[in-house]
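Engineer: what follows is a predicted structure for the sequence shown.
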Amino acid sequence: MGIFYGGLAQVIAGALEWKKNNTFGMTAFISYGMFWLSLAALVIMPGMFPKIAGPNATAMAVYLGLWGLFTLAMFIGTLKISRAVQVVFCTLTLLFILLATAEATGNANIHLFAGYEGIFCGLSAMYTGLAQVLNELYGKAVLPLGPVKR
């Protein structure tokens, strides 16, 4: 999933957003697609190539923390987009912060809470994507996305 749907599909979606002159969509999809590809490589490669060491907890905390900072910057961009997209990026920022904190501290409870928060984030992203598809298809707000800031 991380390689094909999380990674490759999002990079393709980003290329399509580029063709639509949507810089935010292009940056988001390609960046998070590359996040999934790099995360999959970090997890899979040490098992495939024994001489490649996997990342330690500190490295993962920094990796996830930097993605949290990037996502926070992207969240600021969502303030000009719908409330639904704002929820996705706000919860994604929180998720990266929680995951980085869990890695840095080794606290299993934070990691568990991050898992639940990640489920909420994923469901909000699924709702937002479905709403965008259905609203465009029907030419009206079938599922609300919240006000668009101009």
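Structural biologist: It's in.

Engineer: what lies in contact with the one helix or strand E103 maps to?
Structural biologist: Per DSSP states H and E: E103 is located in helix 83-105. With contacts defined as CB atoms under 8 Å, 6 or more residues apart in numbering, helix 83-105 is touched by 57-58, 60-62, 64-65, 67-68, 71-72, 74-75, 78-79, 107-108, 110-111, 113-114, 117-118, 120-121, 124-125, 127-128, 131, 144-147. Bear in mind the C-beta positions are built from the backbone N, C-alpha and C, glycine included.

Engineer: quick check on those residues: which are buried?
Structural biologist: 60-61, 64-65, 67-68, 71-72, 74-75, 78, 110, 114, 117-118, 121, 124-125, 127-128, 131, 145 (16 or more other CB atoms under 10 Å).

Engineer: what comes up buried for the host helix or strand of A9?
Structural biologist: Take DSSP H and E as the rule and A9 turns out to sit in helix 9-19. Buried residues in helix 9-19, counted by 16+ other CB under 10 Å: 10-11, 13-14, 17.

Engineer: which SSE is immediately downstream of it?
Structural biologist: Defined by DSSP H and E, the subsequent element after helix 9-19 is helix 23-48.

Engineer: quick one on the thing from earlier: now, the contacts of helix 83-105 that are in helices?
Structural biologist: 57-58, 60-62, 64-65, 67-68, 71-72, 74-75, 78, 108, 110-111, 113-114, 117-118, 120-121, 124-125, 127-128, 131 (DSSP state H).

Engineer: out of the buried residues of helix 9-19, who's nearest P50?
Structural biologist: P50 has its nearest neighbour among the buried residues of helix 9-19 in V11, at 28.9 Å by CB to CB.

Engineer: on that earlier part again, other SSEs contacting the helix holding A9?
Structural biologist: If contacts are counted by 3 or more CB pairs under 8 Å, 6 or more residues apart in numbering; DSSP states H and E, helix 9-19 sits against helix 23-48.

Engineer: report the distance from the helix it packs on to the chain centre.
Structural biologist: 10 Å (CA atoms, centre = their mean, to the nearest Å).

Engineer: next, the angle from it to helix 57-78.
Structural biologist: Following axes from the mean of the first three to the mean of the last three CA atoms, to 10 degrees, one obtains 160 degrees for the angle between helix 23-48 and helix 57-78.

Engineer: helix 23-48 versus helix 83-105: what angle between them?
Structural biologist: Here helix 23-48 runs at an angle of 30 degrees relative to helix 83-105 (the same axes, to 10 degrees).

Engineer: please consider this matter closed, and thank you.
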